[in-house]
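Visitor: sequence and predicted structure are below.
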Amino acid sequence: MSTALAALPATTRKPRATVPPMVAFALCWIAAMLAVAATVQWIAPYSYTALDLRARLHPPVFMGGDWRHILGTDELGRDVLARLLYSIRLSLLIAFGATLIGAALGTLLGFLAAHLRGLVEQVVLALADFQASMPFLILALSVLAFFGTSLTLLICLLGLHGWERYARISRGLAISAGAQGYAAAVRQLGASPWRVYGRHVLPNIASTLIVSMTLAFPEIILLESGLSFLGLGVQPPETSLGNMVGYAREYLTRAPWILLSPAMVIVMTTLSVSMLGDWLRDKLDPTLR
Amino acid sequence: MLRFLTIRLLRAALTIVLVVTFAFIVLRMSGDPALLIMSADAPPEAIAAFRKSWGLDAPLWVQYVNYFGAILHGDLGQSMRDGRGAVELVAERIPATLALTIPALVLKIGLGIPAGIFAALHRNSFIDRAVMFAAVAGFTVPSFVLGLLLVLVFAVQLGWLPSGGQESWRHAILPIVTLGAGGAAVLARFTRSAMLEVLGQSYIRTASAKGVPWMSVVRNHALPNAAIPTVTIVGFMVGSLLAGAVVVESVFSWPGVGRLLVVAVANRDLAVVQCILLVVAVTMVTANIVVDLLYGFLDPRLRAGVKA
C-alpha cells in the first residue's frame, strides 16, 4: 500500500530534495510577475490610458496585427499589453495588501483569544464562525453597496477575507505552545506578552501561517478579479485583471484577444501560487494536509 | 441530543442576529440614505419628509429595535428605486437561480466525489495526477473566465448554444457547466484529501490485517469516516444555492438572485441588498444545522452530544 510509504520517517529522504519541475515553473512565473509589477513604468510600451483612436480593436501579432500593438488594442485603441502590465501591478498590489492585512488581523485576534481566554475568546470564535458561515462575496458586495467603491476600501475589505482561518490556526497553536514549556519558561523569566508571542511563539508557528498565506493569496486574486469583473471592484481609469476581462466581454465576438491575455495571466498566477502553496505545505507543515 | 440541538439553534439565531446587526450598522454608517437617494440640492422639506417616511428621524436604538421588529414581521422594506417590496423582488428571482444551482450541485456531487475517491484509492497513479491537475485547474480558473471561454467556443465559434439569456433549457447548459465544473474540482480535492487522511489511520491497517477484502475495507471503514469532512463542504454548497451564482449569472445575463444583487449594489438599493443578505444567511444557517444533524447520523460518537 502506498500510504505505508508516506508514513516512513522523514530521515529516509534524500538530504537535498530537488524542486519538482512544475514548482520550478511556478516560481519562475511568480518571479516574472513580480518583476513586471516592479518595473512596469519602464517596460510598458505605452501608458495604460493612452488612446490610439486610429487603431481601435486592432488585432494582436499572432492574429494578423503588427508589432506596434503586440497584443492588439481595445475599443478605445488602448494598447492591451500596456494595460495588462499595469493590471498585473494593481492586482498583485491589492492581493499582497489584502493577504498581509488578513494574516496580521487574524493572527493578532488568535493570539488575543489564546492569551485572554474567557469572553474575548468566545467573541473571536463566534465572529470566526459568522465569517466562515457566510459566502464572502455576498458580505463584500453588501459593504460595497453601502460605501461605494474605493481602492483603500477594496484592499481592507479583501483583507477581511480569510482572517478567521489565521485566527483559528494561531489560537490553536498558541494554546498548544503555551503548554509546551518554552513559552511558559520565557514568561517565568518575566517577558511581556508582546515578547512571548512576538519573539517566541510567532517564529515557531510562522511556517504554518506562511503556508496559509500562500493558500489564501490566489483566493484573494480571484475575489478581486471577480468583483472587478462585476464592475464593483477596481474602477476605471485604473485597470486590473478582472476589470479587463469584464470590459472584454462586450467585445467577445469582435475582439476576443482583449479577453484572452488577462484571463491567461489570472489563471497562470493563481495556478502558480497554489502549486507553490501546496508544495510548501507538504514540505513545511504536514499537519495542515 | 436535545441539549445539542438547543445549543445549535441558539448559535444559529446568534448568527442571524449578527447578520442583521451587520446590515444595520453598515447601513447607518454609510451616510444619510436620504441624501443618497435624493439629490443634495433637493428642498429641505422633501428630505425631511423622506426621512420621516423611512423612519430615519428617530434615535439610533429606536431605529434598530424597529428594524428588528419589522424583520420579524416579514417586512424588509421596499426597493428604494421602484417602491416594490424587497421580499417580493427577491422571491420572484429565486426559481431562476435554483434552476441553475440545483443541476450544478448534482453535477458537482456526481463528478467530484467519485473522482476524489478514485484518485485517493489510486494515489500517485497517472489517473490521480490527472484528477488532481484538473482539480487544481478547476479551482484556479475563475468562473467568469471559464464561462466566457465556453461562450467563445460553443456560442461564438461553433454556434451550438446561446451565449446568454433565459429563453429555453438550452440557455441553461453553459451556466450549469460553468458552475458545476469549478465546484466539482473543489469537491474532488476535498474528498481525495479526506480519503487519504482516513486511509492512513490504524483502523484501516487493522481491518486489512485481519483479512477483510480491500473493497469491504473501503466501503465499510474508509468511506463512512471520510464522509464527515465531505458532508461539511457539500453542506456549504447547499447553503450557497442562492448565493453561489452571482458571477455566473452576470456572465450569462441570467435573471436570478445574483444578478439582482449586483444591480442592487450598483444602484445602492439598500433594502434589496439587505433582503438578499438575510435570505442567504438563513439558507446558510439552515444548511449548517442540517449538516450538524447529519454528523450525528454519520458519527455515533457525536450522537450523545459529546464533542469528539
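Guide: Done, it's in. Everything quoted here is computed from the prediction, not taken from an experiment.

Visitor: interface residues of the stretch 151-289 of chain A facing chain B?
Guide: When proximity is defined as CB under 8 Å from any CB of the partner chain, the stretch 151-289 of chain A approaches chain B at A:218, A:222, A:225-226, A:229-232, A:242, A:245-246, A:248-249, A:252-253, A:256, A:259, A:263, A:266-267, A:270-271, A:274-275, A:278, A:289. C-beta coordinates here come from the backbone N, C-alpha and C atoms, glycine included.

Visitor: so, low pLDDT: which residues of chain B?
Guide: B:1, B:27-41, B:51, B:53-57, B:301-308 (pLDDT under 70).

Visitor: find the nearest non-adjacent residue to the residue sitting nearest the centre point of it, please.
Guide: For chain B, B:S240 is the residue whose C-alpha lies nearest the centre (CA atoms, centre = their mean; 1.4 Å). Spatial nearest neighbour of B:S240, chain neighbours left out: A:P135 (5.1 Å); criterion: CB to CB, 6 or more residues apart in numbering or on different chains.

Visitor: before we move on, back to that, narrow the residues of the stretch 151-289 of chain A next to chain B to those in helices?
Guide: Among those, DSSP state H puts A:218, A:222, A:225-226, A:229, A:242, A:245-246, A:248, A:259, A:263, A:266-267, A:270-271, A:274-275, A:278 in helices.

Visitor: drop anything exposed from those residues.
Guide: Among these, those classed as buried by neighbour count (16 or more other CB atoms under 10 Å in any protein chain shown) are A:218, A:222, A:225-226, A:229, A:242, A:245-246, A:248, A:259, A:263, A:266-267, A:270-271, A:274-275, A:278.

Visitor: ok, the residue nearest to the centre of chain B touching B:M284?
Guide: Yes - assessed by CB atoms under 8 Å, B:S240 is found in contact with B:M284 at 6.9 Å.

Visitor: which residues do these two both contact?
Guide: A:P135 (CB atoms under 8 Å, 6 or more residues apart in numbering or on different chains).

Visitor: and chain A, is the helix or strand harbouring B:N66 touching that?
Guide: Using DSSP states H and E, B:N66 sits in helix B:60-72. No - applying CB under 8 Å from any CB, one finds helix B:60-72 separated from chain A by no less than 14.5 Å.

Visitor: just list what that helix packs against, helices and strands only.
Guide: Packing partners of helix B:60-72 (3 or more CB pairs under 8 Å, 6 or more residues apart in numbering or on different chains; DSSP states H and E): helix B:2-29.

Visitor: which helices and strands sit right next to the helix it packs on?
Guide: Secondary-structure packing of helix B:2-29 (3+ CB pairs under 8 Å, 6+ apart): helix A:118-133, helix A:136-147, helix B:60-72, helix B:270-298.

Visitor: the shortest one to helix A:118-133, inter-axis angle?
Guide: Same thing as helix A:136-147. 100 degrees (axes from the mean of the first three to the mean of the last three CA atoms, to 10 degrees).

Visitor: and the residue of the stretch 151-300 of chain B at minimum distance from chain A, which of the three is it?
Guide: Nearest residue of the stretch 151-300 of chain B to chain A: B:V265, at 4.0 Å (CB to the nearest CB). Here B:V265 is helix, with the state taken from DSSP: H, G, I helix; E, B strand; the rest coil.

Visitor: report the contact partners of the nearest residue to it once chain neighbours are set aside.
Guide: Closest residue in space to B:V265, ignoring its immediate chain neighbours: A:A145 at 4.0 Å, by CB to CB, 6+ apart. By CB under 8 Å, 6+ apart, A:A145 lies in contact with B:264-265, B:268-270, B:273.

Visitor: buried ones among the residues you listed?
Guide: B:264-265, B:268-270, B:273.

Visitor: quick one: which of those is nearest A:M213?
Guide: For those, the closest approach to A:M213 (CB to CB) belongs to B:V265, at 28.7 Å.

Visitor: tell me who's in contact with that closest one.
Guide: Applying CB under 8 Å, 6+ apart, the residues contacting B:V265 are A:141-142, A:144-145, A:232, B:273.

Visitor: again with B:L107
Guide: B:176-177, B:179-181, B:183-184.

Visitor: what comes up buried for stretch A:224-239?
Guide: A:224-235, A:239.

Visitor: just to revisit the earlier point, got phi/psi on the residue nearest to B:S240?
Guide: With angles defined as degrees, to the nearest 10, A:P135 sits at phi -60, psi 130.

Visitor: isn't it up against B:A281?
Guide: No - in this structure A:P135 lies outside contact range of B:A281 using CB under 8 Å: 9.6 Å.

Visitor: between these two, which one's more packed in?
Guide: B:A281 (26 against 19; other CB atoms under 10 Å in any protein chain shown).

Visitor: pLDDT wise, what is A:F25 at?
Guide: Note for A:F25: predicted pLDDT of 90.

Visitor: do you know how far it is from chain B?
Guide: 13 Å (CB to the nearest CB, to the nearest Å).

Visitor: need the nearest residue in space to that residue, chain neighbours excluded.
Guide: Distance criterion CB to CB, 6+ apart; nearest residue to A:F25, sequence neighbours excluded, is A:S272 at 7.5 Å.

Visitor: just the helices from the stretch 151-300 of chain B, written as ranges.
Guide: Taking DSSP state H, counting those that start in this stretch, the helices of the stretch 151-300 of chain B run over residues B:170-199, B:202-209, B:214-216, B:223-239, B:246-251, B:257-267, B:270-298.

Visitor: where do the helices sit along the stretch 1-150 of chain B?
Guide: For the stretch 1-150 of chain B, the helices defined by DSSP H, counting those that start in this stretch cover B:2-29, B:33-37, B:44-53, B:60-72, B:86-91, B:94-121, B:126-140, B:143-150.

Visitor: measure the closest residue to A:D74 other than its chain neighbours to A:W67 for me?
Guide: Once flanking residues are discounted, A:D74 sits nearest to A:I258: 5.2 Å by CB to CB, 6+ apart. Distance from A:I258 to A:W67, counting by CB to CB, to the nearest Å: 18 Å.

Visitor: ok, now A:L100?
Guide: Distance from A:L100 to A:W67, by CB to CB: 39 Å.

Visitor: neighbour-wise, which of those two wins?
Guide: Using other CB under 10 Å as the criterion, A:L100 and A:W67 rank with A:L100 on top: 13 against 7.

Visitor: now the more buried one, nearest residue through space, not along the chain?
Guide: A:G159 (7.6 Å).

Visitor: quick one: low-confidence ranges for the stretch 1-150 of chain A?
Guide: Ranges of the stretch 1-150 of chain A meeting pLDDT under 70: A:1-17, A:65.

Visitor: would you map the strands across it?
Guide: Read by DSSP state E, counting those that start in this stretch, the stretch 1-150 of chain A holds no strands at all.

Visitor: report the buried residues of stretch A:101-118.
Guide: Buried, per 16+ other CB under 10 Å, within stretch A:101-118: A:101-103, A:105-107, A:109-115.

Visitor: same check on stretch B:280-290?
Guide: B:280-285, B:287-289.

Visitor: and chain A, which of those contact it?
Guide: B:280-281, B:284-285, B:288.

Visitor: rewinding a little: turn the buried residues of stretch B:280-290 into a markdown table, including distance to B:P213.
Guide: Formatted as a markdown table, those follow (distance: CB to CB, whole Å):
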| residue | distance to B:P213 |
| --- | --- |
| B:V280 | 46 |
| B:A281 | 47 |
| B:V282 | 46 |
| B:T283 | 42 |
| B:M284 | 41 |
| B:V285 | 42 |
| B:A287 | 36 |
| B:N288 | 37 |
| B:I289 | 38 |
